[in-house]
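1. Got a predicted structure here, sequence first:
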Amino acid sequence: MKVLVVEDDHKIGSSIKKGLEQESFAVDLAFDGNDGYGLVSTENYDVIILDLMLPGMNGIEICQKLRQNKIHTPILILTAKGELEDKIMGLNSGADDYLVKPFAFTELLARIKALSRRPKDTFNSVLNHKDLSLNTTNYEVRRAGKNIKLSKKEFALLEYLLRHPNTILSKDQIISNIWDYDADVLPNTLEVYIGYLRKKIDQAFPNKKPLIQTFRGFGYKIGEK
């Protein structure tokens, strides 16, 4: 899952980014409203966490402009302004949820997961393909009834593939959804992680058909040939 955090308080923004990355999310962080809107205009996100009081374009303006431009990414407003009128204004501008500071990170995480499930049924907590399953709640991965231990980046990569079964995904698509916008991703980084996954979910099960397929010049998909 890829999340954008737009928060002018560097300490809060960096803390949210760190916490979500520990949950295997890819996270971009903007400290200015204009920068945040620019990222939404060029990148695809599953959820946007948006402060109201921002330098440049404020949170209300961002919400309104995104909805006017038919960008329907779920938006969670995160702000210290907790009056009922402020909540109504934020929700009426196009936001989907509202969380007042200070907040518990566990509640923020639960709300993000809830928002990510709204647009499509593909955001299930358990993803399955053949005898492979991935649980986004407890981070358990199993094939043929056997537990598989994955790193956080391997987990995020497998989750993205499983959310698009039998679909060829380009390298650019995968990288933009798994790594942060400003991440220093080398040309062969994705190939390396695909190799890690293959060892754990395909090569470790020699009696099973491989699930990760390579389409040279195009990308990868999860699904049998």
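-> Received, thanks. Because the structure is a prediction, the values reported are computed rather than measured.
2. Once you drop chain neighbours, what's closest to Trp6?
-> Residue 6: Val, not Trp. Spatial nearest neighbour of Val6, excluding adjacent residues (Cβ to Cβ, 6 or more residues apart in numbering): Gly36 at 3.4 Å. (C-beta placed from N, C-alpha, C; glycine too.)
3. ditto for Asp202
-> Distance criterion Cβ to Cβ, 6+ apart; nearest residue to Asp202, sequence neighbours excluded, is Pro210 at 4.3 Å.
4. which ones are touching that neighbour?
-> Counting by Cβ atoms under 8 Å, 6 or more residues apart in numbering, Pro210 makes contact with Arg198, Asp202, Glu224.
5. Show the pLDDT at it.
-> Looking at Pro210, its pLDDT stands at 93.
6. any idea how far Glu224 is from it?
-> 8 Å (Cβ to Cβ, to the nearest Å).
7. Next, give phi and psi for the residue nearest to Val6.
-> Dihedral pair for Gly36: phi -60, psi -50, per degrees, to the nearest 10.
8. correct me, but it touches Ile62?
-> Yes: here Gly36 reaches Ile62: they are 6.4 Å apart, a contact under Cβ atoms under 8 Å.
9. Please identify every residue contacting each of the two.
-> In contact with both Gly36 and Ile62: Val6, Leu50, Leu54, using Cβ under 8 Å, 6+ apart.
10. Name whatever forms a beta bridge with the second one.
-> As for beta bridges, Leu50 partners with Val6, Ile77 under DSSP bridges.
11. For His164, see how far away it is.
-> 27 Å.
12. again, but for the first one
-> The gap separating Val6 from His164 is 27 Å, by Cβ to Cβ.
13. same check, this time on Leu76
-> As judged by Cβ to Cβ, Leu76 and His164 stand 24 Å apart.
14. out of those two, which sits in the more crowded spot?
-> Neighbours per residue (other Cβ atoms under 10 Å) separate Leu76 from His164, with Leu76 holding more: 21 against 16.
15. Excluding residues flanking it in the chain, which one is nearest the more buried one?
-> Distances taken as Cβ to Cβ, 6+ apart put Asp97 closest to Leu76, at 4.6 Å, once the chain neighbours are dropped.
16. for Lys153, same thing?
-> Nearest in space to Lys153, with sequence neighbours left out and distances taken as Cβ to Cβ, 6+ apart, is Tyr193 at 6.1 Å.
17. Can you list the buried residues in the one helix or strand Lys17 maps to?
-> Using DSSP states H and E, Lys17 maps to helix 10-21. Across helix 10-21, burial judged by 16 or more other Cβ atoms under 10 Å covers Ile12, Gly13, Ile16, Lys17, Leu20, Glu21.
18. if we can go back for a sec, can you confirm the residue nearest to Asp202 is in a strand?
-> No: under DSSP: H, G, I helix; E, B strand; the rest coil, Pro210 sits outside any strand and is assigned coil.
19. Tell me how far it lies from Lys130.
-> Pro210 is 11 Å from Lys130, by Cβ to Cβ.
20. any shared contact partners between these two?
-> Residues touching both Pro210 and Lys130 comprise Glu224, with contact defined as Cβ under 8 Å, 6+ apart.
21. next one: phi and psi at the residue nearest to Ser14 when sequence neighbours are not counted?
-> Residue nearest to Ser14 in three dimensions, not counting chain neighbours: Leu29, with 7.0 Å by Cβ to Cβ, 6+ apart. In terms of degrees, to the nearest 10, the main-chain angles of Leu29 are phi -130, psi 130.
22. which residues does Leu29 bridge with?
-> Val5.
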